[in-house]
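> Sequence plus the predicted model coming up.
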Amino acid sequence: MTRAISIATEAGEFIAHFSERGLVALDFPGRRDRPQPVYPPDAAVSPEFRRWELLTANALRAALAGGPTRTLPPFDWRGATEFQRNVWKALLRIPSGRTSTYAELAADAGHPRAVRAAGSACGANPIPVLVPCHRVVASGGRLGGFSGGLDWKRRLLAREGVSLEQGREIRS
């Protein structure tokens, strides 16, 4: 069974997609990159799904406010490679208000020479914001890419107190 919910935030309406194992994907406002899932009637939704939905909404709102996301729902990363899962776990270790380079991320994921592959894994991250790929910048503090677009990356970093001026990171 899959289920999707809308999460209204001050930044717009996100769509969270769940499987029977946890959160599968998170879509930015105005983006519907995934096929629309089956929506079971509310009476058919288990208490576990309800708990995951609440955890996701609370974590998303905390992240959008620039704070840490203390409690996350379980993630369903089936279909991802072991390398991608290692990179995404490394992303979760980057604290709010801090950044890491793609080289540092690759090293933290256990593959110090796989810098470009780490960047590709960031781009394939299906749960942006909660799995904070926006905290990864290119060497020299340049933004690099972001699946939600560079405007979203700048907004998320600014909300966490990180400003990027003339290609260099300034930590508040």
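Ah, there it is.

> Now residue 57: closest residue in space that isn't a chain neighbour?
What sits nearest to residue 57 in space, not counting adjacent residues and going by Cβ to Cβ, 6 or more residues apart in numbering, is residue 7, at 4.9 Å. Any C-beta I mention is one placed from the backbone N, CA and C, and that applies to glycine too.

> wait, doesn't the one you found sit right on residue 15?
Yes. Using Cβ atoms under 8 Å, residue 7 makes contact with residue 15 at a distance of 7.4 Å.

> looking at this, the residue nearest to residue 57 is in a strand?
Yes. Counting by DSSP: H, G, I helix; E, B strand; the rest coil, residue 7 is part of a strand.

> and it, what are its bridge partners?
Here residue 7 sits in beta bridges with residue 14, going by DSSP bridges.

> Provide a list of residues in contact with residue 5.
Contact partners of residue 5, counting by Cβ atoms under 8 Å, 6 or more residues apart in numbering, are 15-16, 18, 53, 56-57.

> could you dump those residues to TSV with pLDDT?
TSV is the format used below for these (pLDDT from 0 to 100):
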residue	pLDDT
15	93
16	93
18	93
53	93
56	97
57	96
